[in-house]
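**Q** Sequence first, predicted model second:
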Amino acid sequence: EEEEDKEEDEDEDGDEDDEEEDFEFEFGDEDDYDYPSQDFEFEFGDQEGALAAPVVGAPSSKAGSAQHLPLAVKQRVLALKNLQAQYAQVEARFYKDLHDLEKKYAAFYQPLFDKRSEIINAIHEPTEGECQWQVGVQEGGAGEMEREPEGKGQADGIPHFWLMAFKNVKMLGRMIRRNDELVLQRLEDVKIKFSEVEEPMSFTIEFIFKSNEYFFNKVLTKTYRVRSDPDDSDPFFSKGPEIIGSTGCEIYWKEGENVTVKTTKLRKCEGRRSVSTTRKMPSCSFFTYFYPPDYPEGRVMDVATDYKLGYFFREVLVPKSVLFFTNEASGYKYESSDNEVQEAGGEEKKGEVMRSEEAEKDLDPEESNP
């Protein structure tokens, strides 16, 4: 009996040891272990790219195809396409009327812009009432500016208004060089003129300068031609007013003042003597904006940038110039109603949405002057 009790105690101790034992798995050396091989084959469809099983929400390969429709149904589809083309023509007339409406309201805006120009150029001194912020903004808001003591920092009008407004636009800031700044300090006003109702659609940007020592022109112009009719190659869509071309103007520079070229002196040795010659080279300048995109001399902007600038001047910068002068415009969003521009060679490129944050991505005043 004592032996049986002893054996039972040993069995119980063994069971407890088994329960407390930590198991360790030894896999041996990596080189010695024979891993089971598993070949996974994924089927992505046949050679033509068709899925082995239909995907929920994926369009059918035959969806939208009218090739196998009965002849009578095809005829009805053609009738619908004719209606679609007629719709595009009506839409084109809408955009033409919209252009005429813009011209009509430009006449209402112009007295405000004229008063702006008079204040900028010290022709009109605002009254005390005109200088009071008239919109419900608390003190220190958008209408409140830090005031200098009387007699300190006095100036006529608002000096360099347009230069500062341009430089606060990244795209323009990168175009403006130091020599350009001296010329743009003479800029008095920028105006937008729309074509007459009976004329082909266009708009002209006028840059009006004071008499200066750089060129003889009083006004520099850039005209953009616009259309809204559907293209013959795509008669079903009227893309809205799209720029199809631009025309600059001739700048009559005074002697030695052309900022779009730089003069380089070259010295050539001929025997024991050297001969000096001068060579004119194209120079980066804001004023190449007035040259056509294919101008043979100098480096000018590409067509898409040219058209984008035209819309930006017309829809954003000229109407809201004071917000760029004060550098407040970065907080505002602008959208262009003109969705398309026409690039050289007949290739169309969808226009950028005219938002101040996006429209200025291309162009930082801090990076403007290398």
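**A** Looks like it arrived, so ask away.
**Q** Could you pull out the strands in the protein for me?
**A** 187-194, 202-209, 219-227, 242-247, 261-270, 273-282, 340-342, 348-350 (DSSP state E).
**Q** for these, which one ends up most surrounded?
**A** strand 340-342 (a mean of 22; mean count of other Cβ atoms under 10 Å). The way it works is simple: take the backbone N, C-alpha and C, and place the C-beta from them, glycine included.
**Q** can you tell me the average pLDDT over that one?
**A** Here strand 340-342 scores 38 as its mean pLDDT.
**Q** Use 25 as the first number from now on
**A** Yes, from this point I'll number from 25; that puts the last item at strand 364-366.
**Q** thinking again about what came up before, wait, which of the strands of the chain is closest to residue 149?
**A** Among the strands of the chain, strand 211-218 comes nearest to residue 149, with 16.8 Å by Cβ to Cβ.
**Q** Paired strands for that closest one, with orientation please.
**A** strand 226-233 (antiparallel) (DSSP bridges).
**Q** Kindly reformat the strands of the chain as a markdown table containing distance to residue 100.
**A** Below are those laid out as a markdown table (distance: least, Cβ to Cβ, whole Å):
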| stretch | distance to residue 100 |
| --- | --- |
| strand 211-218 | 43 |
| strand 226-233 | 41 |
| strand 243-251 | 32 |
| strand 266-271 | 32 |
| strand 285-294 | 64 |
| strand 297-306 | 60 |
| strand 364-366 | 31 |
| strand 372-374 | 31 |
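**Q** Would you confirm that residue 307 contacts residue 288?
**A** No: using Cβ atoms under 8 Å, residue 307 is not in contact with residue 288; the gap is 10.3 Å.
**Q** which residues do the two both contact?
**A** Counting by Cβ atoms under 8 Å, 6 or more residues apart in numbering, residue 307 and residue 288 have no shared contacts at all.
**Q** I'd like to know which of the strands of the chain is closest to residue 101.
**A** strand 372-374 (26.1 Å).
**Q** rewinding a little: so which of the strands of the chain is nearest residue 109?
**A** When the strands of the chain are ranked by proximity to residue 109 (Cβ to Cβ), strand 243-251 comes first, at 16.7 Å.
**Q** tell me the angle the closest one makes with strand 226-233.
**A** 170 degrees (axes from the mean of the first three to the mean of the last three Cα atoms, to 10 degrees).
**Q** orientation of strand 243-251 relative to strand 266-271 in degrees?
**A** Going by the same axes, to 10 degrees, strand 243-251 makes 150 degrees with strand 266-271.
**Q** longest helix of the protein?
**A** helix 95-144 (DSSP state H).
**Q** Return the list of helices and strands in contact with it.
**A** Judged by 3 or more Cβ pairs under 8 Å, 6 or more residues apart in numbering; DSSP states H and E, helix 95-144 is in contact with strand 211-218.
**Q** Hey, what's the angle from the strand it packs on to helix 95-144? Just curious.
**A** 150 degrees.
**Q** Can you tell me what sits against strand 211-218?
**A** Everything outside strand 211-218 that qualifies as a contact, by Cβ under 8 Å, 6+ apart, is 123, 126-127, 130, 137, 141, 144-145, 186-187, 226-234, 337-338, 341-342, 345.
**Q** Try it again at 6 Å.
**A** 127, 130, 141, 145, 186, 227-228, 230-234, 338, 342 (Cβ atoms under 6 Å, 6 or more residues apart in numbering).
**Q** got the CA positions of it in CSV?
**A** Extracted in CSV, the C-alpha atoms of strand 211-218 (Å, rounded to 0.1, in the frame of the first residue of the first chain):
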residue,chain,number,x,y,z
LEU,A,211,2.2,102.4,-64.9
GLU,A,212,-0.9,104.6,-64.2
ASP,A,213,-3.8,102.2,-64.9
VAL,A,214,-4.8,98.9,-66.4
LYS,A,215,-8.2,98.6,-68.2
ILE,A,216,-10.2,95.8,-69.8
LYS,A,217,-12.1,96.6,-73.0
PHE,A,218,-14.6,94.2,-74.6
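**Q** picking up where we left off before, check the contacts of strand 211-218 and tell me the two furthest apart.
**A** Spatial extent of the contacts of strand 211-218 (Cβ to Cβ) is set by the pair 127 and 234 at 28.0 Å.
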